[in-house]
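> sequence and predicted model, in that order:
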Amino acid sequence: MTGKIYDAVIVGARCAGAPTAMLLARKGYRVLAVDRESFPADTLSTHLVHPPGLAALRRWGLLDQVVATGCPPITTYSFDLGPFAISGSPAGEGLSGAYAPRRTVLDKILVDAAVRAGAEVRERFTVEDLVTDGDAVTGIRGHGGDGRTVEAYARVVIGADGAHSSVAKRVRPARYAEKPKLQCSYYTYWADLPMHGRFEAYMREDRAFAAWPTNDGLTVVICGLPMRDFAANRADIEGGYLATIARAPSFAERAASATRTARLVGTAVPNYFRVPYGPGWALVGDAGYLKDFMTAQGIQDAFLGAELCVEALDATFTGRRTFEAAMRDYQQARDARVMQLYEFTTELATLDPPPPQMQQVLARVAEHQDTMDGFARVNAGLTTPGAFFSDPRLTGVPEPAL
């Protein structure tokens, strides 16, 4: 690989990197994607792919493969707030709901699709540094399993290597709209805990948990606590996890007859946007934009961000637009699509009880099936919070007479 020249070298080959590699390769570009893992490989994840993400898989011809893994469909999103519950359909874009595949399943499908498209994928490859020429990034330097250091050059190096992106650390992009870590969540898998096609979330005072089905007859159960309480609770994460579930006795009773099948894993993430491009480099997925996993947007954000990034790079590679102009539009399109949900998600992730006015609004949501469906679609990324919460039935402000 030493000295080989590509149109794009992509660092990271999961939900952002593999689709970027696949889509560029389908356009005929020379693409190399590298990842330190060998697939299939697990990773921390919310698993959920809402309808906009599924629609991307359908555009790419991959949705049927995901469905064929036996991952059950999720057709109802339920939010139990204690005094009342909001239960609605997240259907949209011609899809009846969501799926939550294991990352061992989903990422392997994506990597294999990139290879079939003609991308070169190097697994178990560690990037040591970027190759630069002045201020411009021109390639990567790293090693595979044999330990031999090699270089690969490209017109653009794309960081798709997640929140701890080595590419972002090297190029140091500006950050904006930053918020700190807001909550820490832990999850594991449970057997014999049927969900019947439901995603269920429970909010109790300053704690929350949620459950939804995944592959192999398993259910993901994730519990969160605010960061302000993390230090005091870190000595007994297990106890805190079970105590959170116990705050919803009806669910705790169901869980009592289920069996945990794996150890608890968890994390907390900061919230930020990074400028996703510069001389010879670009960022996609969590490397360029990260928000709390409260609304489980990460996978579909990676998919849709990959499409936007590839569109911009194609315009650059074909000479239709300058790199600066095309990538500036990529950033603006990305931000316009996600900014409202970013603010909505980070507000939820504080785990503060809703203020009285919002409690009244949410109670109004629960009065009508179509508004409950609308709330589910907000959480699925189908409707912006601003559009949904402007409904006169929720604001209490009547529509003006014509």
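Ah, there it is. Numbering: from 1, shown residues only.
> residue 152 reaches residue 8, doesn't it?
No. Judged on Cβ atoms under 8 Å, residue 152 makes no contact with residue 8 at a distance of 10.4 Å. (C-beta placed from N, C-alpha, C; glycine too.)
> now do the shared contacts for these two.
Here residue 152 and residue 8 share the contacting residues residue 32, scored by Cβ atoms under 8 Å, 6 or more residues apart in numbering.
> find the residue at the geometric middle of this structure.
residue 298 (0.8 Å; Cα atoms, centre = their mean).
> which pLDDT value goes with that residue?
Per-residue confidence at residue 298 stands at 97 (pLDDT).
> which ones are touching it?
When contacts are counted by Cβ under 8 Å, 6+ apart, residue 298 is found next to 15, 45-46, 285-286, 290-291.
> hmm, try it at 6 Å
Contacts for residue 298 (Cβ atoms under 6 Å, 6 or more residues apart in numbering) come out as none.
> same check on residue 387?
By Cβ under 6 Å, 6+ apart, residue 387 has no neighbours at all.
> for the helix or strand containing it, what does the pLDDT average out to?
Using DSSP states H and E, residue 387 falls within helix 385-389. If you average the pLDDT over helix 385-389, you get 97.
> now the element after that helix, going C-ward?
Using DSSP H and E, the helix or strand that follows helix 385-389 in sequence is helix 392-395.
> which positions in that following helix come out as buried?
By neighbour count, and taking 16 or more other Cβ atoms under 10 Å as the criterion, the buried residues in helix 392-395 are residue 394.
> same thing with stretch 252-267?
Residues of stretch 252-267 classed as buried by neighbour count (16+ other Cβ under 10 Å): 254-255, 258, 266.
> determine which two of those residues are furthest apart.
The span of those, defined through Cβ to Cβ, is set by 254 and 266 at 21.8 Å.
> what is the neighbour count of the closest residue in space to residue 83 that isn't next to it in sequence?
In space, and not counting its chain neighbours, residue 83 is closest to residue 363: 7.7 Å by Cβ to Cβ, 6 or more residues apart in numbering. In terms of burial, residue 363 registers 15 neighbours under the definition other Cβ atoms under 10 Å.
> can you tell me the element residue 363 falls in?
Per DSSP H and E: residue 363 is located in helix 356-365.
> how near is residue 216 to residue 297?
When Cβ to Cβ, to the nearest Å is applied, the distance between residue 216 and residue 297 equals 24 Å.
> mind checking which of those two has more residues around it?
Comparing residue 216 with residue 297 by other Cβ under 10 Å, the one with more neighbours is residue 297, at 25 against 13.
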